[in-house]
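1. The sequence and its predicted three-dimensional model are supplied below.
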Amino acid sequence: MASSIRWVSFDCTDPYTLARFYADVTGWQFDGESEPDDEECAVLPPGPDHPGLLFTRVPEGKVVKNRLHLDLQPRDRTRDEEVERVVGLGATVQADRRQPDGRGWMVLTDPEGNEFCMNTSPAERELLS
C-alpha cells in the first residue's frame, strides 16, 4: 500500500485570486464555495486520480525561488500560444529555455511570483521526434 497525493498546496497572500488564476490556466473547476476572504480556496481535480490545487493564506509573501513547481503543457495549442494565453491571465515570463529546434520550455511566474514551467504540447513533441 502507498499514499497518493490529494492536494498540491500553495502558501499565498490571496488564495481566492490565485485559485481563480490556476483554475483559468488549467481549465479545472474553481471551488464554487470559496469566497474572496476565505483562508483557503481550491481548484478541484479533474478526476478522482488527480490531486487538486489548494491555496492557503499566509502572512508573509514569497521570498526565494520555489523548491517545487508545476510543469504544465498545453492540451490544444502550442507552447508559445499557451504562454501568450497565460500571460494574458496574469503570468509573467521569467526565462526562455526554448531550443532552436522547438524543444524546451518557458519559465513563468503566477501573480504572486511562484514559478511554473510551460512545456511543449504532446502534438509538438510528436512532430519533433
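-> Right, received. Where do you want to start? Numbers count the residues shown, from 1 in each chain.

2. quick one: contacts of stretch 56-71?
-> 8-15, 38-40, 105, 112-117, 119 (CB atoms under 8 Å, 6 or more residues apart in numbering). From N, CA and C alone the C-beta is placed, and that goes for glycine too.

3. Show me what counts as buried in it.
-> Thr56, Arg57, Lys62, Leu70 (16 or more other CB atoms under 10 Å).

4. Which members of the residues you listed are the farthest-apart pair?
-> Spanning the widest gap among these are Arg57 and Leu70, at 19.7 Å by CB to CB.

5. Among the buried residues of stretch 56-71, find me the one that's closest to Gln29.
-> Once CB to CB is applied, the member of the buried residues of stretch 56-71 that ends up nearest Gln29 is Leu70, at 17.2 Å.

6. Which positions are bridged to that closest one in the beta structure?
-> Phe116 (DSSP bridges).

7. and the contacts of stretch 56-71, which of them are in helices?
-> Taking DSSP state H as the definition of helices, these contribute Pro15.

8. start to end distance for stretch 45-52?
-> Using CA to CA, to the nearest Å, one end of stretch 45-52 lies 4 Å from the other.

9. For burial, what's the neighbour tally of Met106?
-> For Met106, the count of nearby residues is 23 (other CB atoms under 10 Å).

10. Correct me if wrong: it contacts Arg79.
-> Yes: using CB atoms under 8 Å as the test, Met106 is close enough to Arg79 to be in contact (6.9 Å).

11. Identify the contacts common to these two.
-> Arg98, Met118.

12. shaky segments in this protein?
-> Within the chain, no stretch has pLDDT under 70.

13. Okay, helices next: where are they in it?
-> Counting by DSSP H, one finds helices in the chain at the ranges 15-26, 79-89, 122-128.

14. Touching the shortest one from outside, list them.
-> The one in question is helix 122-128. Contact with helix 122-128 is made by Gln73, Thr78, Arg79, Asp101, Gly102, Arg103, Thr120, as judged by CB under 8 Å, 6+ apart.

15. Drop anything exposed from these.
-> Listed as buried from these are Arg79, Thr120; burial here means 16+ other CB under 10 Å.

16. Just name the closest of the contacts of helix 122-128 to Pro46, please.
-> Closest to Pro46 out of the contacts of helix 122-128 is Gln73 (14.1 Å), distances taken as CB to CB.

17. Noted, bye for now.
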